[in-house]
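Enquirer: 3D model of this:
(chains A and B)
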Number of protein chains: 2
Amino acid sequence: MPKIADLETPCVLIDAARVEANLARAQAHANANGYKLRPHIKTHKSIRFARRQIELGAVGITAQKLGEAEVMADAGIADIFVPYNIVGAGKLARLAALNARVTLSVTADSADVVAGYARTASTSKPLTVLVECDTGGRRCGVQSPADAVALARMIAGGPSLRFGGLMSYPPRGKMEEADRWLGQVKAEIERDGIAVPVVTSGNTPDMWHTGDHNVTERRPGTYIYFDRGQVSFGVASWADCALTVLATVVSRPTPTRIVLDAGSKALSSDLFGQTGYGAFQDRPSFVLTSLSEEHGVIELDAASQWPAVGERVHIVPNHACVVSNLFDRVYLAGTGGEVEIMPVDARGRSD
Amino acid sequence: MPKIADLETPCVLIDAARVEANLARAQAHANANGYKLRPHIKTHKSIRFARRQIELGAVGITAQKLGEAEVMADAGIADIFVPYNIVGAGKLARLAALNARVTLSVTADSADVVAGYARTASTSKPLTVLVECDTGGRRCGVQSPADAVALARMIAGGPSLRFGGLMSYPPRGKMEEADRWLGQVKAEIERDGIAVPVVTSGNTPDMWHTGDHNVTERRPGTYIYFDRGQVSFGVASWADCALTVLATVVSRPTPTRIVLDAGSKALSSDLFGQTGYGAFQDRPSFVLTSLSEEHGVIELDAASQWPAVGERVHIVPNHACVVSNLFDRVYLAGTGGEVEIMPVDARGRSD
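Expert: Okay, here's the model as predicted:
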């Protein structure tokens, strides 16, 4: 088995023990607090890790795009939620094919989207549709409880559709507000005699939140790896970060400048609310100050001999989810420094 | 042959006629102004386009990383410049193997890097090494003409190395300063009796610059596609932009909000000096105001019915080079709307 020292840089290392600890801790929190965990696989895009999340107790997975869901279905993942408006004839045909072979659910936030589902879905196996509610995230979602109720009625009334419940992606720190919003809608729908089987919310930044009255499922993704952004949000410690980019120092043009062989094509340009583009795992004060496509530059405040040309450093990126999407494979590292190649199975499947 | 209307979104479209015009115009400028063109393939990472650039008169290609160069060498591209410090035993072995089969040149900006080359290269086919000069770009490169001269002497004195000349990546708008800097170094090296066969500079933002006295080659990359960034720099018009991301409107939650199925995993988060993350090709006032991984959000100043859910839009991204690196394939579009699949051969080859 190859060792970390054998790898070419830049590459992505995944600390297997940290992943296992991160997955177990999240599942334990879900079990202790009475909600179901449906991890978002956008972060790892890996069949192996999706299976492991289910083994540990997840009720299924969340995939943001149909392309990701297809990869996971091909691998035998049986229960998939795609919290997305699926639009267009080609995508709707793929959706119907996917619904025929797995337990699938999707979302809608408009009558147009519901109409597309109704046209495509089959009465022999109705498509489960949840209503997406904009509880403050300002992305997709109906804008008012009244609109949510109207859409739920439309779904419940379609012979080829099944009303699956409510979904929201609340902004960070707004879980309570989202829970109240969703609770109000749920009560109104139930007054109509329509059951609301699932209320799904949540994200990694608020994964330790407790006290929801209505939310039944949560969909964190980043928690498998964590990253510099999540540490800054206070949800994880630096020692929880399981994904690093291994890079080599290729130039020390000045006593204060360090140039690495990892740029925006290895780390992405995501700031994710941070200053700089990532930091050294072992010395978090070394922050990448600028990136070009294949160079990462650190401009230090004071001269430093270390690190010299040829030294290798582990960078904790700002945002792990966009980093794994840049690489066809990552390296799963054991405690002895041995590594195993792991494909990023759904890489690039934004379609 | 499929049509644009058949494609799933998000995907990358390349306007074949615009590419051809962009390539021809750049080559004509090089011919008219007496410098050689060595296009940077980082932008397209495509064997087909590298071949076309050479057919039109390029003297060879530039590849930023060894991994990209290997892909191009495998495809029969015979003359490759890698303007990068190649560091580490694994990379140096790959470099030696590449040097054995193509006309290869690399750069160095320190004695450490030159020493690595000298250890690895073969006296039977010396490795051509240029000295990288930091003429203001603050990335890699020697900091003074004296250091450049010393490094040139070291390279010229090595039995397995050949001094190939000088290289710089000047910041935008600083071609004249770079030319003077490089000219001074060139004169000093020549006084030592060492020939300086190549002086390579340049980039896309300054591709129409004329009047250099010392520069013999230039390495623009982005000019094959151009992008929103280059248009803002004044080097191209909106109508020259050959790469667009085709996206579908998936939600209109409010009269001023448009949500597209292209987020940072399709457009990247590169700002490239811009406000927002890309704009509609046909209506450049529609600017993506925020991105999440799989959603692009436009918040308009005033209500607009258009575009409705299901409409498709063409987005000119801020920075084309990082967008092609997100996709395994792009679609080459002819004038009649027919498309041909083209692999992004060196995608992800940052190694």
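Enquirer: need the residues of the stretch 51-200 of chain A near chain B, please.
Expert: A:64-65, A:84-85, A:87-88, A:90-91, A:109-110, A:112-113, A:116, A:134, A:138-143 (C-beta under 8 Å from any C-beta of the partner chain). All C-beta spots, glycine's among them, are computed from the backbone N, C-alpha and C.
Enquirer: let's see it at 10 Å
Expert: Applying C-beta under 10 Å from any C-beta of the partner chain, one finds that the stretch 51-200 of chain A approaches chain B through A:63-68, A:84-91, A:94, A:107-113, A:115-116, A:132, A:134, A:137-143, A:147, A:169.
Enquirer: Weed out the non-buried ones from those residues.
Expert: A:63-68, A:84-88, A:90-91, A:94, A:107-110, A:112-113, A:116, A:132, A:134, A:137-142, A:147, A:169 (16 or more other C-beta atoms under 10 Å in any protein chain shown).
Enquirer: So which of the residues you listed belong to strands?
Expert: The strands, defined by DSSP state E, take in A:Tyr84, A:Asn85, A:Thr107, A:Ala108, A:Glu132 from those.
Enquirer: Need these in CSV (columns: pLDDT).
Expert: Below are these laid out as CSV (pLDDT from 0 to 100):
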residue, pLDDT
A:Tyr84, 98
A:Asn85, 98
A:Thr107, 98
A:Ala108, 98
A:Glu132, 98
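Enquirer: Please enumerate the helices of the stretch 251-351 of chain A.
Expert: A:264-267, A:320-324 (DSSP state H, counting those that start in this stretch).
Enquirer: Quick check: which of those helices is nearest to chain B?
Expert: helix A:264-267 (4.9 Å; C-beta to the nearest C-beta).
Enquirer: Domains of chain A: list them as residue ranges, please.
Expert: A:18-223, A:229-318 (automatic domain parsing).
Enquirer: how near is the residue nearest the centre of chain A to A:Pro83?
Expert: The centre of chain A sits closest to A:Gly221, judged by C-alpha atoms, centre = their mean, with a distance of 3.3 Å. Remark: distance between A:Gly221 and A:Pro83 (C-beta to C-beta, to the nearest Å) = 11 Å.
Enquirer: Residues that sit against both of these two, list them.
Expert: A:His40, A:Thr62, A:Gln64 (C-beta atoms under 10 Å, 6 or more residues apart in numbering or on different chains).
Enquirer: and which of the residues you listed is nearest B:Lys45?
Expert: Closest approach to B:Lys45 among those (C-beta to C-beta): A:Gln64, at 25.4 Å.
Enquirer: who touches that closest one in this structure?
Expert: If you count contacts by C-beta under 10 Å, 6+ apart, then A:Gln64 has A:40-42, A:81-84, A:219, A:221, A:321, A:346, A:349-350, B:261, B:263, B:265, B:292-295 around it.
Enquirer: Next: A:Ser285.
Expert: Counted by C-beta under 10 Å, 6+ apart, A:Ser285 has contacts A:Ala279, A:Leu300, A:Asp301.
Enquirer: In ChimeraX, how would I select the buried members of those?
Expert: Typed into ChimeraX, the line below selects the buried ones among the contacts of A:Ser285, using 16+ other C-beta under 10 Å:
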select /A:279
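Enquirer: which one of the helices of the stretch 251-351 of chain A lies closest to A:Gln305?
Expert: Between those, helix A:264-267 lies closest to A:Gln305; by C-beta to C-beta that is 24.5 Å.
Enquirer: So the closest one, near chain B or not?
Expert: Yes: using C-beta under 10 Å from any C-beta, helix A:264-267 comes into contact with chain B via A:Ser264, A:Lys265, A:Ala266, A:Leu267.
Enquirer: Which elements pack onto that helix?
Expert: strand A:243-254, strand A:290-291, strand A:296-299, helix A:320-324, helix B:320-324 (3 or more C-beta pairs under 10 Å, 6 or more residues apart in numbering or on different chains; DSSP states H and E).
Enquirer: how about those, which one is nearest A:Gln230?
Expert: So among the helices and strands packed on helix A:264-267, helix A:320-324 is nearest, using C-beta to C-beta, at 8.2 Å.
Enquirer: Using PDB, list the CA coordinates for that closest one.
Expert: C-alpha atoms of helix A:320-324 as PDB (Å, rounded to 0.1, in the frame of the first residue of the first chain):
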ATOM      1  CA  ALA A 320     -14.300  21.000   1.700                       C
ATOM      2  CA  CYS A 321     -17.300  20.300  -0.600                       C
ATOM      3  CA  VAL A 322     -15.900  22.200  -3.500                       C
ATOM      4  CA  VAL A 323     -12.400  20.800  -3.100                       C
ATOM      5  CA  SER A 324     -13.500  17.200  -3.400                       C
END
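Enquirer: thinking A:Cys140 is in contact with A:Cys133, fair?
Expert: Yes: the pair A:Cys140 and A:Cys133 qualifies as a contact (C-beta atoms under 10 Å) at a distance of 9.4 Å.
Enquirer: can you pull the contacts of A:Met342?
Expert: A:Met342 touches A:Val12, A:Ile14, A:Ala16, A:His44, A:Ser46, A:Ile47, A:Arg48, A:Phe49, A:Arg329, A:Val330, A:Tyr331, A:Leu332, counting by C-beta under 10 Å, 6+ apart.
Enquirer: any idea whether the second one is helix, strand or coil?
Expert: Three-state assignment for A:Ile14 (DSSP: H, G, I helix; E, B strand; the rest coil): strand.
Enquirer: Tell me the spacing between it and A:Phe286.
Expert: Distance from A:Ile14 to A:Phe286, by C-beta to C-beta: 21 Å.
Enquirer: follow-up on the earlier one: with mean neighbour count added, can I get the helices and strands packed on helix A:264-267 in TSV?
Expert: Output for the helices and strands packed on helix A:264-267, formatted as TSV (neighbours: other C-beta atoms under 10 Å in any protein chain shown):
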stretch	mean neighbour count
strand A:243-254	24
strand A:290-291	18
strand A:296-299	22
helix A:320-324	27
helix B:320-324	27
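Enquirer: Which of the ones you listed sits closest to B:Arg101?
Expert: Comparing the helices and strands packed on helix A:264-267 under C-beta to C-beta, the one sitting nearest is strand A:243-254, at 23.6 Å.
Enquirer: roughly how far is the closest one from the heart of the chain?
Expert: 27 Å (C-alpha atoms, centre = their mean, to the nearest Å).
Enquirer: and what of stretch A:180-190?
Expert: Per C-alpha atoms, centre = their mean, the centroid offset for stretch A:180-190 relative to its chain is 26 Å.
Enquirer: Also stretch A:181-194?
Expert: Worked out by C-alpha atoms, centre = their mean, stretch A:181-194 lies 28 Å from the chain centre.
Enquirer: Many thanks, I have nothing further to ask.
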